[in-house]
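*Asks:* quick check, what structure comes out for this input:
(chains A and B)
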Protein chains: 2
Amino acid sequence: MGLIVEVDTVDEDAAVLVPPPNFSMVEDCIFRSSFPTPSNFPFLQTLNLRSVIYLCPEPYPEENLEFLRSQNIRLFQFGIEGKTDVSLPILRDSIMEALKVLIDVRNHPVLIHCKRGKHRTGCLVGCLRKLQNWCLSSVFEEYQRFAGAKSRNGDLTFIDRFDIVSLRQCLYSIIYQYQGYGSKKRRLLYTDENLQKPRLASF
Amino acid sequence: MGLIVEVDTVDEDAAVLVPPPNFSMVEDCIFRSSFPTPSNFPFLQTLNLRSVIYLCPEPYPEENLEFLRSQNIRLFQFGIEGKTDVSLPILRDSIMEALKVLIDVRNHPVLIHCKRGKHRTGCLVGCLRKLQNWCLSSVFEEYQRFAGAKSRNGDLTFIDRFDIVSLRQCLYSIIYQYQGYGSKKRRLLYTDENLQKPRLASF
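*Replies:* Residues are numbered from 1 along each chain as shown, chains lettered A, B, ... in the order given. This next block holds a predicted model:
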(Lines give C-alpha, C1' and ligand atoms only; values in the text may rest on other atoms or scores of the structure.)
Protein backbone atom coordinates (compact mmCIF):
# COMPACT_ATOMS: atom_id res chain seq x y z
CA MET A 1 0.00 0.00 0.00
CA GLY A 2 1.92 3.03 -1.22
CA LEU A 3 0.07 5.90 0.40
CA ILE A 4 1.37 8.48 -2.01
CA VAL A 5 0.06 6.48 -4.92
CA GLU A 6 -3.34 6.03 -3.33
CA VAL A 7 -3.59 9.72 -2.59
CA ASP A 8 -2.66 10.50 -6.15
CA THR A 9 -5.54 8.49 -7.54
CA VAL A 10 -8.20 9.50 -5.01
CA ASP A 11 -9.86 12.83 -5.64
CA GLU A 12 -12.38 14.77 -3.63
CA ASP A 13 -15.27 13.16 -5.43
CA ALA A 14 -14.11 9.62 -4.73
CA ALA A 15 -16.49 7.44 -2.78
CA VAL A 16 -16.15 7.61 0.97
CA LEU A 17 -14.86 4.31 2.36
CA VAL A 18 -16.55 2.59 5.29
CA PRO A 19 -14.37 0.08 7.17
CA PRO A 20 -16.27 -2.48 9.27
CA PRO A 21 -16.54 -1.55 12.98
CA ASN A 22 -13.52 -2.61 15.02
CA PHE A 23 -11.38 -2.71 11.88
CA SER A 24 -7.64 -2.58 12.39
CA MET A 25 -4.40 -3.71 10.85
CA VAL A 26 -2.79 -6.38 13.03
CA GLU A 27 0.42 -6.97 11.13
CA ASP A 28 1.68 -6.54 7.63
CA CYS A 29 -1.10 -8.13 5.50
CA ILE A 30 -3.19 -9.23 8.51
CA PHE A 31 -6.40 -7.34 9.35
CA ARG A 32 -9.20 -7.77 11.90
CA SER A 33 -12.76 -6.48 12.12
CA SER A 34 -16.35 -7.19 13.01
CA PHE A 35 -18.68 -8.88 10.50
CA PRO A 36 -18.51 -6.95 7.21
CA THR A 37 -21.72 -5.85 5.55
CA PRO A 38 -22.14 -4.79 1.90
CA SER A 39 -21.48 -1.15 2.86
CA ASN A 40 -17.94 -2.26 3.76
CA PHE A 41 -17.20 -4.07 0.50
CA PRO A 42 -15.68 -1.06 -1.36
CA PHE A 43 -13.32 -0.54 1.57
CA LEU A 44 -12.39 -4.24 1.74
CA GLN A 45 -11.56 -4.14 -1.95
CA THR A 46 -8.73 -1.71 -1.18
CA LEU A 47 -7.07 -4.37 1.01
CA ASN A 48 -6.58 -6.77 -1.93
CA LEU A 49 -7.46 -9.70 0.33
CA ARG A 50 -6.52 -13.22 -0.59
CA SER A 51 -8.33 -14.87 2.35
CA VAL A 52 -10.89 -14.39 5.09
CA ILE A 53 -10.72 -16.28 8.40
CA TYR A 54 -14.28 -16.44 9.75
CA LEU A 55 -14.63 -17.64 13.33
CA CYS A 56 -18.40 -18.22 13.74
CA PRO A 57 -20.43 -21.41 13.19
CA GLU A 58 -23.24 -19.64 11.32
CA PRO A 59 -23.24 -20.02 7.51
CA TYR A 60 -21.66 -17.11 5.64
CA PRO A 61 -24.36 -14.87 4.13
CA GLU A 62 -24.91 -15.26 0.40
CA GLU A 63 -24.09 -11.59 -0.35
CA ASN A 64 -20.75 -11.95 1.46
CA LEU A 65 -20.02 -15.20 -0.39
CA GLU A 66 -20.79 -13.44 -3.64
CA PHE A 67 -18.37 -10.64 -2.76
CA LEU A 68 -15.61 -13.14 -1.94
CA ARG A 69 -16.23 -14.99 -5.20
CA SER A 70 -16.07 -11.77 -7.21
CA GLN A 71 -12.75 -10.85 -5.59
CA ASN A 72 -11.30 -14.37 -5.72
CA ILE A 73 -10.96 -14.41 -1.91
CA ARG A 74 -10.82 -17.77 -0.15
CA LEU A 75 -12.93 -18.35 2.97
CA PHE A 76 -11.57 -20.36 5.90
CA GLN A 77 -14.32 -20.99 8.44
CA PHE A 78 -13.67 -22.15 12.00
CA GLY A 79 -17.00 -22.47 13.79
CA ILE A 80 -16.48 -21.24 17.34
CA GLU A 81 -19.59 -20.66 19.43
CA GLY A 82 -20.01 -17.09 20.63
CA LYS A 83 -21.07 -18.03 24.14
CA THR A 84 -18.82 -17.79 27.16
CA ASP A 85 -19.24 -21.47 28.08
CA VAL A 86 -17.60 -22.80 24.92
CA SER A 87 -15.71 -26.07 25.44
CA LEU A 88 -12.05 -25.24 26.07
CA PRO A 89 -10.52 -28.17 24.12
CA ILE A 90 -12.66 -27.34 21.08
CA LEU A 91 -11.80 -23.64 21.31
CA ARG A 92 -8.11 -24.52 21.65
CA ASP A 93 -8.12 -26.80 18.62
CA SER A 94 -10.06 -24.30 16.51
CA ILE A 95 -7.76 -21.43 17.39
CA MET A 96 -4.73 -23.61 16.71
CA GLU A 97 -6.00 -24.51 13.25
CA ALA A 98 -6.95 -20.89 12.54
CA LEU A 99 -3.47 -19.76 13.60
CA LYS A 100 -1.87 -22.08 11.10
CA VAL A 101 -3.91 -20.56 8.30
CA LEU A 102 -3.27 -17.06 9.65
CA ILE A 103 0.52 -17.25 9.69
CA ASP A 104 0.80 -18.90 6.29
CA VAL A 105 1.93 -15.98 4.17
CA ARG A 106 0.45 -17.58 1.08
CA ASN A 107 -2.98 -16.74 2.53
CA HIS A 108 -2.08 -13.06 2.91
CA PRO A 109 -3.48 -10.45 2.85
CA VAL A 110 -6.01 -11.97 5.23
CA LEU A 111 -8.95 -10.55 7.21
CA ILE A 112 -9.94 -12.18 10.51
CA HIS A 113 -13.47 -11.57 11.69
CA CYS A 114 -16.20 -13.00 13.89
CA LYS A 115 -19.37 -11.09 14.73
CA ARG A 116 -18.20 -8.02 16.65
CA GLY A 117 -14.43 -8.47 16.33
CA LYS A 118 -14.04 -8.62 20.10
CA HIS A 119 -13.90 -12.08 21.64
CA ARG A 120 -13.18 -14.80 19.08
CA THR A 121 -11.08 -12.48 16.94
CA GLY A 122 -9.43 -11.14 20.10
CA CYS A 123 -8.47 -14.68 21.19
CA LEU A 124 -6.94 -15.51 17.81
CA VAL A 125 -4.98 -12.25 17.66
CA GLY A 126 -3.91 -12.71 21.29
CA CYS A 127 -2.47 -16.15 20.49
CA LEU A 128 -0.69 -14.71 17.46
CA ARG A 129 0.91 -12.10 19.74
CA LYS A 130 2.12 -14.86 22.07
CA LEU A 131 3.69 -16.55 19.07
CA GLN A 132 5.39 -13.23 18.34
CA ASN A 133 6.77 -13.20 21.89
CA TRP A 134 4.75 -10.22 23.10
CA CYS A 135 4.56 -9.93 26.87
CA LEU A 136 1.19 -10.95 28.27
CA SER A 137 0.23 -7.51 29.60
CA SER A 138 0.61 -6.03 26.09
CA VAL A 139 -1.43 -8.90 24.64
CA PHE A 140 -4.19 -8.21 27.17
CA GLU A 141 -4.08 -4.47 26.58
CA GLU A 142 -4.66 -5.02 22.87
CA TYR A 143 -7.49 -7.51 23.55
CA GLN A 144 -9.18 -4.99 25.84
CA ARG A 145 -8.81 -2.11 23.40
CA PHE A 146 -11.14 -3.98 21.03
CA ALA A 147 -13.38 -5.70 23.58
CA GLY A 148 -13.93 -2.53 25.62
CA ALA A 149 -16.62 -2.96 28.25
CA LYS A 150 -17.30 -6.47 26.88
CA SER A 151 -13.89 -7.81 27.93
CA ARG A 152 -14.14 -11.41 29.20
CA ASN A 153 -11.83 -12.86 31.83
CA GLY A 154 -12.34 -16.30 30.29
CA ASP A 155 -10.77 -15.09 27.05
CA LEU A 156 -7.76 -13.67 28.90
CA THR A 157 -7.28 -16.95 30.76
CA PHE A 158 -7.56 -18.83 27.49
CA ILE A 159 -4.88 -16.68 25.86
CA ASP A 160 -2.68 -16.99 28.93
CA ARG A 161 -2.85 -20.79 28.92
CA PHE A 162 -2.66 -21.29 25.16
CA ASP A 163 0.25 -23.59 24.45
CA ILE A 164 2.43 -21.85 21.91
CA VAL A 165 5.31 -24.31 22.25
CA SER A 166 3.50 -27.11 20.46
CA LEU A 167 2.53 -24.70 17.71
CA ARG A 168 6.16 -23.69 17.27
CA GLN A 169 7.13 -27.35 16.93
CA CYS A 170 4.39 -27.80 14.38
CA LEU A 171 5.65 -24.74 12.48
CA TYR A 172 9.14 -26.13 12.29
CA SER A 173 7.74 -29.31 10.76
CA ILE A 174 5.75 -27.23 8.27
CA ILE A 175 8.78 -25.22 7.31
CA TYR A 176 10.85 -28.32 6.78
CA GLN A 177 8.15 -30.21 4.90
CA TYR A 178 7.06 -27.46 2.64
CA GLN A 179 8.56 -27.58 -0.80
CA GLY A 180 6.15 -25.91 -3.19
CA TYR A 181 6.34 -22.16 -2.80
CA GLY A 182 6.82 -21.29 -6.44
CA SER A 183 3.75 -22.95 -7.83
CA LYS A 184 1.34 -21.46 -5.24
CA LYS A 185 -0.76 -24.55 -5.83
CA ARG A 186 0.61 -26.89 -3.21
CA ARG A 187 -0.80 -26.73 0.26
CA LEU A 188 0.91 -27.31 3.59
CA LEU A 189 1.02 -30.88 4.80
CA TYR A 190 0.44 -30.76 8.53
CA THR A 191 2.11 -33.49 10.56
CA ASP A 192 -0.34 -33.43 13.45
CA GLU A 193 -3.21 -35.26 11.83
CA ASN A 194 -4.87 -35.87 15.17
CA LEU A 195 -6.00 -32.25 15.28
CA GLN A 196 -9.46 -31.37 14.08
CA LYS A 197 -9.46 -30.41 10.42
CA PRO A 198 -10.57 -26.86 9.67
CA ARG A 199 -13.86 -26.56 7.85
CA LEU A 200 -12.86 -25.07 4.54
CA ALA A 201 -15.29 -23.47 2.21
CA SER A 202 -13.34 -23.08 -0.98
CA PHE A 203 -14.93 -22.23 -4.25
CA MET B 1 7.73 -8.72 8.17
CA GLY B 2 7.47 -12.31 7.04
CA LEU B 3 5.85 -13.99 10.01
CA ILE B 4 7.03 -17.47 9.11
CA VAL B 5 10.63 -16.30 9.05
CA GLU B 6 10.30 -14.56 12.40
CA VAL B 7 8.77 -17.62 13.97
CA ASP B 8 11.55 -19.74 12.57
CA THR B 9 14.21 -17.67 14.30
CA VAL B 10 12.44 -17.12 17.62
CA ASP B 11 12.67 -19.96 20.10
CA GLU B 12 11.14 -20.43 23.52
CA ASP B 13 14.08 -18.80 25.25
CA ALA B 14 13.91 -15.63 23.14
CA ALA B 15 13.43 -12.39 25.05
CA VAL B 16 9.83 -11.39 25.63
CA LEU B 17 8.96 -8.25 23.67
CA VAL B 18 7.21 -5.30 25.31
CA PRO B 19 5.43 -2.93 22.90
CA PRO B 20 4.71 0.56 24.27
CA PRO B 21 1.16 0.98 25.65
CA ASN B 22 -1.39 1.88 22.97
CA PHE B 23 0.86 0.41 20.28
CA SER B 24 -0.77 -0.46 16.98
CA MET B 25 -0.09 -0.72 13.30
CA VAL B 26 -1.92 2.04 11.44
CA GLU B 27 -1.00 1.17 7.88
CA ASP B 28 1.72 -0.68 6.10
CA CYS B 29 4.92 0.76 7.65
CA ILE B 30 3.06 3.27 9.89
CA PHE B 31 2.80 2.59 13.63
CA ARG B 32 1.42 4.50 16.63
CA SER B 33 2.00 4.28 20.37
CA SER B 34 2.46 6.10 23.64
CA PHE B 35 5.89 7.40 24.67
CA PRO B 36 8.39 4.52 24.41
CA THR B 37 10.64 3.75 27.37
CA PRO B 38 13.86 1.70 27.29
CA SER B 39 11.89 -1.47 28.09
CA ASN B 40 10.25 -1.02 24.68
CA PHE B 41 13.45 -0.62 22.67
CA PRO B 42 13.96 -4.33 21.85
CA PHE B 43 10.41 -4.43 20.50
CA LEU B 44 10.89 -1.24 18.49
CA GLN B 45 14.00 -2.74 16.93
CA THR B 46 11.82 -5.40 15.30
CA LEU B 47 9.95 -2.67 13.39
CA ASN B 48 13.09 -1.54 11.50
CA LEU B 49 12.00 2.08 11.86
CA ARG B 50 13.42 4.77 9.64
CA SER B 51 11.70 7.67 11.43
CA VAL B 52 9.83 8.75 14.53
CA ILE B 53 7.20 11.52 14.50
CA TYR B 54 7.09 12.97 18.00
CA LEU B 55 4.20 15.31 18.74
CA CYS B 56 5.13 16.91 22.11
CA PRO B 57 7.03 20.16 22.80
CA GLU B 58 9.19 18.60 25.55
CA PRO B 59 12.77 17.71 24.59
CA TYR B 60 13.30 14.08 23.66
CA PRO B 61 14.97 12.19 26.54
CA GLU B 62 18.66 11.45 26.09
CA GLU B 63 18.22 7.67 26.38
CA ASN B 64 15.62 7.77 23.61
CA LEU B 65 17.87 9.96 21.46
CA GLU B 66 20.67 7.47 22.01
CA PHE B 67 18.43 4.61 20.90
CA LEU B 68 17.44 6.49 17.73
CA ARG B 69 21.09 7.25 16.96
CA SER B 70 22.10 3.63 17.44
CA GLN B 71 19.37 2.49 15.04
CA ASN B 72 19.89 5.31 12.54
CA ILE B 73 16.32 6.51 13.05
CA ARG B 74 15.46 10.10 12.23
CA LEU B 75 13.39 12.18 14.65
CA PHE B 76 10.76 14.63 13.40
CA GLN B 77 9.43 16.69 16.27
CA PHE B 78 6.25 18.77 16.09
CA GLY B 79 5.68 20.45 19.43
CA ILE B 80 1.97 20.35 20.12
CA GLU B 81 0.84 21.26 23.65
CA GLY B 82 -1.02 18.49 25.44
CA LYS B 83 -3.70 20.73 26.89
CA THR B 84 -7.23 20.95 25.59
CA ASP B 85 -7.06 24.71 24.95
CA VAL B 86 -4.31 24.51 22.31
CA SER B 87 -4.58 27.20 19.62
CA LEU B 88 -6.45 25.75 16.67
CA PRO B 89 -4.41 27.41 13.87
CA ILE B 90 -1.17 26.20 15.45
CA LEU B 91 -2.54 22.69 15.91
CA ARG B 92 -3.77 22.69 12.33
CA ASP B 93 -0.41 23.79 10.92
CA SER B 94 1.52 21.30 13.05
CA ILE B 95 -0.71 18.40 12.07
CA MET B 96 -0.48 19.44 8.42
CA GLU B 97 3.32 19.44 8.54
CA ALA B 98 3.38 16.13 10.43
CA LEU B 99 1.04 14.60 7.84
CA LYS B 100 3.44 15.53 5.06
CA VAL B 101 6.26 13.72 6.82
CA LEU B 102 3.96 10.81 7.66
CA ILE B 103 2.81 10.07 4.13
CA ASP B 104 6.25 10.40 2.59
CA VAL B 105 7.15 6.77 2.02
CA ARG B 106 10.85 7.61 2.20
CA ASN B 107 10.35 8.13 5.94
CA HIS B 108 8.81 4.68 6.38
CA PRO B 109 8.67 2.61 8.50
CA VAL B 110 7.60 5.40 10.86
CA LEU B 111 6.34 5.45 14.46
CA ILE B 112 4.00 8.26 15.56
CA HIS B 113 3.85 8.96 19.27
CA CYS B 114 3.03 11.65 21.81
CA LYS B 115 2.77 10.95 25.52
CA ARG B 116 -0.11 8.50 25.86
CA GLY B 117 -0.87 7.87 22.20
CA LYS B 118 -4.41 9.14 22.61
CA HIS B 119 -5.02 12.77 21.68
CA ARG B 120 -2.22 14.23 19.57
CA THR B 121 -1.46 10.90 17.92
CA GLY B 122 -5.20 10.32 17.54
CA CYS B 123 -5.64 13.65 15.75
CA LEU B 124 -2.81 12.93 13.33
CA VAL B 125 -4.07 9.43 12.54
CA GLY B 126 -7.61 10.78 12.21
CA CYS B 127 -6.47 13.29 9.59
CA LEU B 128 -4.58 10.55 7.76
CA ARG B 129 -7.82 8.53 7.64
CA LYS B 130 -9.64 11.51 6.14
CA LEU B 131 -6.94 11.68 3.50
CA GLN B 132 -7.62 7.99 2.85
CA ASN B 133 -11.31 8.81 2.38
CA TRP B 134 -12.55 6.97 5.46
CA CYS B 135 -16.04 7.98 6.56
CA LEU B 136 -16.03 10.19 9.63
CA SER B 137 -17.79 7.73 11.92
CA SER B 138 -15.05 5.14 11.28
CA VAL B 139 -12.37 7.77 11.92
CA PHE B 140 -14.04 8.66 15.23
CA GLU B 141 -14.44 5.02 16.23
CA GLU B 142 -10.73 4.46 15.76
CA TYR B 143 -9.87 7.63 17.70
CA GLN B 144 -12.07 6.50 20.58
CA ARG B 145 -10.66 2.99 20.65
CA PHE B 146 -7.29 4.49 21.66
CA ALA B 147 -8.53 7.43 23.73
CA GLY B 148 -11.02 5.34 25.71
CA ALA B 149 -12.50 7.26 28.62
CA LYS B 150 -10.17 10.18 27.79
CA SER B 151 -11.86 10.91 24.45
CA ARG B 152 -12.06 14.67 23.78
CA ASN B 153 -14.84 16.28 21.77
CA GLY B 154 -12.42 19.05 20.80
CA ASP B 155 -10.22 16.51 19.01
CA LEU B 156 -13.18 15.07 17.12
CA THR B 157 -14.24 18.56 16.03
CA PHE B 158 -10.68 19.28 14.94
CA ILE B 159 -10.53 16.12 12.82
CA ASP B 160 -13.96 16.85 11.37
CA ARG B 161 -12.96 20.37 10.29
CA PHE B 162 -9.44 19.56 9.13
CA ASP B 163 -9.12 20.68 5.53
CA ILE B 164 -7.89 17.74 3.56
CA VAL B 165 -8.47 19.38 0.17
CA SER B 166 -5.59 21.81 0.52
CA LEU B 167 -3.34 18.97 1.63
CA ARG B 168 -4.28 17.01 -1.49
CA GLN B 169 -3.37 20.01 -3.63
CA CYS B 170 -0.07 20.26 -1.78
CA LEU B 171 0.54 16.56 -2.37
CA TYR B 172 0.04 16.94 -6.07
CA SER B 173 2.67 19.67 -6.10
CA ILE B 174 5.02 17.43 -4.12
CA ILE B 175 4.51 14.56 -6.52
CA TYR B 176 5.18 16.78 -9.49
CA GLN B 177 8.20 18.51 -7.97
CA TYR B 178 9.91 15.51 -6.56
CA GLN B 179 12.74 14.21 -8.69
CA GLY B 180 15.21 12.44 -6.45
CA TYR B 181 13.87 9.11 -5.36
CA GLY B 182 16.88 7.01 -6.31
CA SER B 183 19.44 8.88 -4.29
CA LYS B 184 17.39 8.93 -1.06
CA LYS B 185 19.32 12.10 -0.23
CA ARG B 186 17.05 14.73 -1.64
CA ARG B 187 14.17 15.99 0.44
CA LEU B 188 10.76 17.15 -0.64
CA LEU B 189 10.50 20.80 -1.64
CA TYR B 190 7.18 22.04 -0.33
CA THR B 191 5.53 24.81 -2.31
CA ASP B 192 3.53 26.30 0.52
CA GLU B 193 6.31 28.18 2.24
CA ASN B 194 3.88 30.19 4.29
CA LEU B 195 3.25 27.21 6.50
CA GLN B 196 5.20 26.88 9.71
CA LYS B 197 8.33 24.82 9.20
CA PRO B 198 8.51 21.58 11.18
CA ARG B 199 11.12 21.52 13.88
CA LEU B 200 13.45 18.82 12.72
CA ALA B 201 15.95 17.22 15.01
CA SER B 202 18.19 15.31 12.70
CA PHE B 203 21.54 13.96 13.71
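*Asks:* where do the strands sit along chain A?
*Replies:* Counting by DSSP state E, chain A has strands at residues A:24-27, A:30-33, A:51-54, A:74-77, A:110-113, A:199-201.
*Asks:* JSON lines for those, including distance to B:Arg152 and mean neighbour count?
*Replies:* (Glycine included, C-beta is placed from N, CA and C.) Output for those, formatted as JSON lines (distance: least, Cβ to Cβ, whole Å; neighbours: other Cβ atoms under 10 Å in any protein chain shown):
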{"stretch": "strand A:24-27", "distance to B:Arg152": "21", "mean neighbour count": "20"}
{"stretch": "strand A:30-33", "distance to B:Arg152": "25", "mean neighbour count": "23"}
{"stretch": "strand A:51-54", "distance to B:Arg152": "35", "mean neighbour count": "24"}
{"stretch": "strand A:74-77", "distance to B:Arg152": "40", "mean neighbour count": "19"}
{"stretch": "strand A:110-113", "distance to B:Arg152": "30", "mean neighbour count": "24"}
{"stretch": "strand A:199-201", "distance to B:Arg152": "44", "mean neighbour count": "14"}
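*Asks:* looking at those strands, spot the one closest to chain B.
*Replies:* Minimum separation from chain B across the strands of chain A (Cβ to the nearest Cβ) falls at strand A:24-27, 4.4 Å.
*Asks:* let me see the contact set for the closest residue to A:Pro20 other than its chain neighbours.
*Replies:* Excluding its sequence neighbours, the residue lying closest to A:Pro20 (Cβ to Cβ, 6 or more residues apart in numbering or on different chains) is A:Ser33, at 3.9 Å. Counting by Cβ atoms under 8 Å, 6 or more residues apart in numbering or on different chains, A:Ser33 makes contact with A:Pro19, A:Pro20, A:Pro21, A:Asn22, A:Phe23, A:Ser24, A:Asn40, A:Leu111, A:Ile112, A:His113, A:Gly117, A:Thr121.
*Asks:* could I get these as a markdown table with distance to A:Tyr60 and pLDDT?
*Replies:* Output for these, formatted as a markdown table (distance: Cβ to Cβ, whole Å; pLDDT from 0 to 100):
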| residue | distance to A:Tyr60 | pLDDT |
| --- | --- | --- |
| A:Pro19 | 19 | 98 |
| A:Pro20 | 14 | 98 |
| A:Pro21 | 18 | 97 |
| A:Asn22 | 18 | 97 |
| A:Phe23 | 18 | 98 |
| A:Ser24 | 22 | 98 |
| A:Asn40 | 14 | 98 |
| A:Leu111 | 13 | 98 |
| A:Ile112 | 14 | 98 |
| A:His113 | 11 | 98 |
| A:Gly117 | 16 | 97 |
| A:Thr121 | 15 | 98 |
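*Asks:* closest one of these to B:Phe78?
*Replies:* Among the contacts of A:Ser33, A:Ser24 lies closest to B:Phe78 (Cβ to Cβ), at 24.4 Å.
*Asks:* which residues does that closest one bridge with?
*Replies:* With DSSP bridges applied, A:Ser24 shows beta-bridge pairing to A:Arg32.
*Asks:* got it, and A:Leu111?
*Replies:* A:Phe31, A:Val52.
*Asks:* contacts only, for it.
*Replies:* Listed by Cβ under 8 Å, 6+ apart, the contact set of A:Leu111 reads A:Phe31, A:Arg32, A:Ser33, A:Pro36, A:Leu44, A:Leu47, A:Leu49, A:Ser51, A:Val52, A:Ile53.
*Asks:* same question for A:Glu63.
*Replies:* So A:Glu63 contacts A:Pro38 (Cβ under 8 Å, 6+ apart).
*Asks:* just name the shakiest helix or strand of chain A by mean pLDDT.
*Replies:* When the helices and strands of chain A are compared on mean pLDDT, DSSP states H and E, helix A:3-9 comes out lowest with a mean of 41.
*Asks:* contacting residues for the closest residue in space to A:Arg145 that isn't next to it in sequence?
*Replies:* Nearest residue to A:Arg145, sequence neighbours excluded (Cβ to Cβ, 6+ apart): B:Arg145, at 5.7 Å. B:Arg145 makes contact with A:Asn22, A:Ser24, A:Arg145, A:Phe146, A:Gly148, according to Cβ under 8 Å, 6+ apart.
*Asks:* kindly report the same for A:Arg74.
*Replies:* By Cβ under 8 Å, 6+ apart, the residues touching A:Arg74 are A:Arg50, A:Ser51, A:Val52, A:Leu68, A:Asn107, A:Ser202.
*Asks:* state the pair within those that is farthest apart.
*Replies:* So, these by Cβ to Cβ: farthest apart are A:Leu68 and A:Asn107, at 13.3 Å.
*Asks:* looking at the strands of chain A, which has the lowest confidence?
*Replies:* Among the strands of chain A, strand A:199-201 has the lowest mean pLDDT, at a mean of 49.
*Asks:* ok, back up a step: quick one: the residue nearest to A:Pro20 from A:Asn40, how far?
*Replies:* Look at A:Ser33 and A:Asn40: by Cβ to Cβ, to the nearest Å, they are 8 Å apart.
*Asks:* overlap in contacts, the two.
*Replies:* A:Pro19, A:Pro20.
*Asks:* now the nearest residue to A:Leu131 once chain neighbours are set aside: how far from B:Leu136?
*Replies:* Among residues not flanking A:Leu131 along the chain, A:Ile164 sits closest, at 5.4 Å (Cβ to Cβ, 6+ apart). Distance of A:Ile164 to B:Leu136, computed by Cβ to Cβ: 39 Å.
*Asks:* please apply the same query to A:Val101.
*Replies:* Taken as Cβ to Cβ, the span from A:Val101 to B:Leu136 is 34 Å.
*Asks:* between those two, who's got more neighbours?
*Replies:* Neighbour comparison, A:Val101 and B:Leu136: the larger count goes to A:Val101, with 20 against 14 (by other Cβ atoms under 10 Å in any protein chain shown).
*Asks:* just to check, the more buried one is in contact with A:Phe76?
*Replies:* Yes. Contact between A:Val101 and A:Phe76 holds when scored by Cβ atoms under 8 Å: they sit 4.9 Å apart.
*Asks:* list the contacts of A:Gly117.
*Replies:* Counting by Cβ under 8 Å, 6+ apart, A:Gly117 touches A:Pro20, A:Pro21, A:Asn22, A:Phe23, A:Arg32, A:Ser33, A:Ser34, A:Phe35, A:Phe146.
*Asks:* many thanks, we can stop here.
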